[in-house]
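>>> Make a model of this:
(one chain, ligands or ions: 1)
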Amino acid sequence: FSQISPKAIVSDACASYSTLEKLNRRVKPAVDDLTKNTDFFAYYRLNLFNKKCPFWNDENGMCGNIACAVQTLENEEDIPETWRASELGKLKGPHAEHPGKKAQEEKPFRPLQGRLGENVGESCIFECDDECDERDYCVPEDESASAKGDYVSLVHNPERFTGYGGEGAKMVWDAIYRENCFMKSSFPHASKLGAQSLPNGPAAFDFRQVLKDADRKQLVEQHLQNPDLTLTETAMETEDECLEKRVFYRVISGMHASISTHLCYDFLNQSTGEWQPNVQCYIDRLHTHPERISNLYFNYALVTRAIAKLGPQLSSYTFCTGDPDQDAATKANVLAVTQGAASVPEIFDESLMFKNGEGPSLKEDFRNRFRNVSRIMDCVGCDKCRLWGKIQTNGYGTALKVLFEFDNDSKEIPQLKRTELVALFNTYGRLSHSMEALSKFRDLVDMPAESQ
Ligand code: FAD
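Residues are numbered from 1 along each chain as shown. You can find the predicted model right below:
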């Protein structure tokens, strides 16, 4: 990819595509090692099963539950049971309940060993269950003291094709994109945590329509003729939308693009039973929508910057797994990632946001809307999709919190919760994997069909 166009707005992303790809090639091995081989980052604690969808009744048929998903596959009954959406969407592997406070005091928890270990300080275990920081961009996973989360193995539950789709998934995506409607008068936020807007709220504006047909056609044609073209700026820049709203949209769309990349790349061929990349899925969802790919790269730049900014704080962080050797190895690995991320200093300039025009007044709204996106994840009707949806919204929420709420010069830097750190680095891992998968897809598209 070439340099970003001169029309690009600086803080949308400061680095070129090639810079981001080079960085990813360099840092990805450390990110993979961290997310796959350390207890601390390979397990995520969340309340996956006990939260109801707060926006609509998912028992009345207009839902995102698994029954809706199953109906979307044609002739599902012809598919072997293990390949059905309901099976593919299930969680696998170790899945340990969060120990109660008493049990933790008696026997602290050590995830990978699958048992409660000894000699682990309490400070390494408690995850601020009852606290909600007003600077949070997500509803904390461990928000409710009464409904403790479970530990789920992320390594055993990779994000990939599950067959989830249809009306249920559509409702969730629509509700997420509607959160982009920054209209305070229509959506007053009553509580500190952010009021919940209705999925069919008034005057909902769908940013996906902003790219007009003519602009899209032109972009696609340019992209197909020259895959090295700068994709950062879409026709959205012609719209009179402020930076903050555009950034909100790009984060959502980039996350959506990354999910699509994974499900297309790790796709189940239901006639052969093989897991393999599905080039047509890539063409339909990504290749012919270069602005979505651009938003994914944008997210990579944004999360890289957040991780780089966290570097100094993490150098004194205690990564408690209960095993001092593993703690030291985890920290070394984290620092390898943060230093790699910091090696491209001008990757993203967050300082321009919430500054000019209506910017400052939008910050609280931006935060509340992002919290609502994290709540919408409880409406996702497939366990594995909900798991990764929650991790990624928490990961982006944490990145936004680090970018917009942490002042490195201030003495008062809030400590991140363990779940926030795990979500942040796993979200980085997802983006990193998506970028690699996109590059392989580009090669596959160029290949003659018979050799694919
Ligand atoms: P969808 O992907 O559902 O998109 C709906 C509409 O949004 C499209 O028609 C298009 O207009 C627009 N759109 C699509 N992509 C973008 C973008 N990047 N930017 C802007 N607009 C866009 N399925 C799996 O197999 N595995 C998973 O792990 C998984 N995780 C999911 C997590 C969440 C939170 C949700 C809501 C769904 C998940 N799904 C998953 C389902 C998957 O995302 C799709 O919804 C499903 O495959 C149906 O796809 P679709 O072609 O109908 O379009």
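>>> do you know how far Glu81 is from Tyr317?
To Tyr317, Glu81 is 45 Å away according to C-beta to C-beta, to the nearest Å. Every C-beta, even on glycine, is put in place using the N, C-alpha and C of the backbone.
>>> These two - which one has more neighbours?
Using other C-beta atoms under 10 Å as the criterion, Glu81 and Tyr317 rank with Tyr317 on top: 16 against 9.
>>> Okay, now the unreliable bits of the chain?
Scanning the chain for pLDDT under 70 picks out the ranges 1-15, 58-80, 82-83, 93-149, 182-241, 321-322, 408-414, 451-452.
>>> Tell me the residues of it that contact the ligand?
Contacts of the chain with the ligand, taken as C-beta under 6 Å from any ligand atom, map to 159, 161-162, 164-165, 169-170, 172-173, 208, 253, 256-257, 259-260, 263, 292, 380, 384-385, 388-389.
>>> at 5 Å what do you get?
159, 161-162, 164-165, 169, 172-173, 208, 253, 256-257, 259, 263, 292, 380, 385, 389 (C-beta under 5 Å from any ligand atom).
>>> Let's see which of the residues you listed end up in helices.
Among the residues of the chain next to the ligand, the ones falling in helices (DSSP state H) are Ala169, Val172, Trp173, Ser253, His256, Ala257, Ile259, Leu263, Arg292, Cys385, Gly389.
>>> How many residues are close by the first one?
The number of residues packed around Ala169, counting by other C-beta under 10 Å, is 20.
>>> Look up how far Asn180 lies from it.
18 Å.
>>> the strands in this protein, which residues?
43-46, 95-97, 109-110, 115-116, 150-153, 267-269, 274-276 (DSSP state E).
>>> now what about the last one, what contacts it?
Translated: strand 274-276. Residues from elsewhere that reach strand 274-276 (C-beta atoms under 8 Å, 6 or more residues apart in numbering): Arg160, Phe161, Asp266, Phe267, Leu268, Asn269.
>>> and with 7 Å instead?
Defining contact as C-beta atoms under 7 Å, 6 or more residues apart in numbering, one finds that strand 274-276 is touched by Asp266, Phe267, Leu268, Asn269.
>>> That one pairs with which strands?
strand 267-269 (antiparallel) (DSSP bridges).
>>> The strand it pairs with: which residues count as buried?
Phe267, Leu268 (16 or more other C-beta atoms under 10 Å).
>>> What lies in contact with that strand?
Trp83, Leu88, Phe161, Trp275, Gln276, Pro277, Asn278, Cys281.
>>> count of neighbours near the fourth one?
Other residues near Trp275 come to 14 when the count uses other C-beta under 10 Å.
>>> For it, list each beta-bridge partner.
Under the criterion used (DSSP bridges), Trp275 bridges to Leu268.
>>> which residues of the stretch 301-450 of the chain fall in helices?
Remark: helices assigned in the stretch 301-450 of the chain by DSSP state H, counting those that start in this stretch are 324-342, 359-376, 383-405, 418-446.
>>> Identify, out of these, the most deeply packed stretch.
Comparing the helices of the stretch 301-450 of the chain by mean neighbour count (mean count of other C-beta atoms under 10 Å), helix 383-405 ranks first with a mean of 24.
>>> Tell me which other helices or strands it touches.
Secondary-structure packing of helix 383-405 (3 or more C-beta pairs under 7 Å, 6 or more residues apart in numbering; DSSP states H and E): helix 243-265, helix 290-314, helix 359-376, helix 418-446.
>>> helices or strands next to the third one in the packing?
Of the remaining helices and strands, those touching helix 359-376 by 3+ C-beta pairs under 7 Å, 6+ apart are helix 166-178, helix 243-265, helix 383-405.
>>> between those helices, which one is nearest to Leu48?
Ranking the helices and strands packed on helix 359-376 by proximity to Leu48 (C-beta to C-beta) places helix 383-405 first, at 6.0 Å.
>>> Next, the angle helix 166-178 makes with that closest one.
Interaxial angle of helix 383-405 relative to helix 166-178 (axes from the mean of the first three to the mean of the last three C-alpha atoms, to 10 degrees): 0 degrees.
>>> Also compute the angle for helix 383-405 relative to helix 359-376, please.
Going by the same axes, to 10 degrees, helix 383-405 makes 160 degrees with helix 359-376.
>>> ok and helix 383-405 relative to helix 243-265, angle-wise?
Using the same axes, to 10 degrees: helix 383-405 against helix 243-265 is 150 degrees.
>>> Please save the CA atoms from helix 383-405 in PDB.
Taking C-alpha atoms only, helix 383-405 is exported to PDB below (Å, rounded to 0.1, in the frame of the first residue of the first chain):
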ATOM      1  CA  ASP A 383     -21.900 -18.400  22.600                       C
ATOM      2  CA  LYS A 384     -18.600 -18.200  20.700                       C
ATOM      3  CA  CYS A 385     -19.700 -15.100  18.800                       C
ATOM      4  CA  ARG A 386     -20.800 -13.500  22.000                       C
ATOM      5  CA  LEU A 387     -17.600 -14.400  23.700                       C
ATOM      6  CA  TRP A 388     -15.400 -12.800  21.000                       C
ATOM      7  CA  GLY A 389     -17.900  -9.900  20.600                       C
ATOM      8  CA  LYS A 390     -17.600  -9.100  24.300                       C
ATOM      9  CA  ILE A 391     -13.800  -9.400  24.200                       C
ATOM     10  CA  GLN A 392     -13.400  -7.100  21.200                       C
ATOM     11  CA  THR A 393     -15.800  -4.500  22.500                       C
ATOM     12  CA  ASN A 394     -14.000  -4.500  25.800                       C
ATOM     13  CA  GLY A 395     -10.700  -4.400  24.000                       C
ATOM     14  CA  TYR A 396     -11.700  -1.300  21.900                       C
ATOM     15  CA  GLY A 397     -13.300   0.200  25.000                       C
ATOM     16  CA  THR A 398     -10.100  -0.200  26.900                       C
ATOM     17  CA  ALA A 399      -8.100   1.200  24.000                       C
ATOM     18  CA  LEU A 400     -10.400   4.300  23.900                       C
ATOM     19  CA  LYS A 401     -10.100   4.700  27.600                       C
ATOM     20  CA  VAL A 402      -6.300   4.600  27.400                       C
ATOM     21  CA  LEU A 403      -6.300   7.100  24.500                       C
ATOM     22  CA  PHE A 404      -8.800   9.600  25.900                       C
ATOM     23  CA  GLU A 405      -8.700   9.200  29.600                       C
END
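>>> Appreciated, that's everything.
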